[in-house]
Every structure is written in structure tokens, then in C-alpha cells.
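Enquirer: Dropping a prediction and its sequence here:
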Amino acid sequence: MSFCDKCTSDTVCKICQTDKVLRLDNKTCADDCLVGNYKDNGYCKTCVSAIDNCKECSNSIYCTKCDGIYKLDLEKKKCIDPCPEG
């Protein structure tokens with residue numbers, strides 16, 4: 001398996017080489033994460049799992065594009081409801 005340091009099988013990587021990231025969707029190593037994911041200690045993690053309603057992010061704190069009807073609060077880098085209750 002390309003760029004894999006430790007595998008659990010012929011098609012599943014557990015740990016990638018130092019300069020690569022592990023894509024959790026297919027357990028393979030790559031140069032970078034897919035859109036909608038961010039790098040975190042050698043792993044690709046989904047933006048929406050770290051930031052509510054976030055479609056694209058630069059890390060686990062800063063969202064760059066929101067999902068659906070949500071709008072990006074440019075100051076806080078979080079997704080907000082465009083029509084909050086009240």
C-alpha cells in the first residue's frame with residue numbers, strides 16, 4: 001500500500017508516512033485531504049464533525065464555507081442560522 005507505514009490488511013492503512021495524511025473514508029494515505037476535510041495530526045477529519053453545519057474548513061476551529069442555508073460568520077468563522085428564532 002503506497003505511503004503506508006502500518007497496515008491492518010492489504011487495503012487498509014492505519015498509519016501513514018510522516019509527510020502524508022490518512023483519509024478515513026477509504027483508509028489510504030495521500031498528500032492532502034479531500035474538500036470538506038482538514039488535517040489533524042496525520043489524519044483527515046470531516047469539517048462537519050468538528051464544526052456544526054460546516055461544509056469546508058481550514059482546521060477544527062475555522063469554517064470557510066457553510067452547508068445549506070447556513071451563513072458564515074466571518075468574525076467567528078462559524079456557521080450561523082440566517083433566521084434565528086425570536
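Expert: Good, I have the coordinates.

Enquirer: only C-alpha atoms for contact and neighbour calcs from this point on.
Expert: Fine.

Enquirer: where exactly do the helices run in this structure?
Expert: 47-50 (DSSP state H).

Enquirer: how far away is the residue nearest to the spatial centre of it from residue 66?
Expert: With distances taken as C-alpha atoms, centre = their mean, the residue of the chain nearest its centroid is residue 37 (2.0 Å). As judged by C-alpha to C-alpha, to the nearest Å, residue 37 and residue 66 stand 13 Å apart.

Enquirer: Likewise for residue 73?
Expert: The value you get for residue 73 to residue 66, if C-alpha to C-alpha is used, is 10 Å.

Enquirer: Quick check: neighbours shared by those two?
Expert: residue 79 (C-alpha atoms under 8 Å, 6 or more residues apart in numbering).

Enquirer: Looking at these two, which has the bigger crowd around it?
Expert: residue 66 (23 against 15; other C-alpha atoms under 10 Å).

Enquirer: so what's that one closest to, chain neighbours aside?
Expert: Distance criterion C-alpha to C-alpha, 6 or more residues apart in numbering; nearest residue to residue 66, sequence neighbours excluded, is residue 54 at 4.5 Å.

Enquirer: got the contact list for that neighbour?
Expert: 47-48, 63-67, 78-79.

Enquirer: run the last query once more with 10 Å
Expert: Neighbour list for residue 54: 36, 46-48, 62-68, 70-72, 77-80 [criterion: C-alpha atoms under 10 Å, 6 or more residues apart in numbering].
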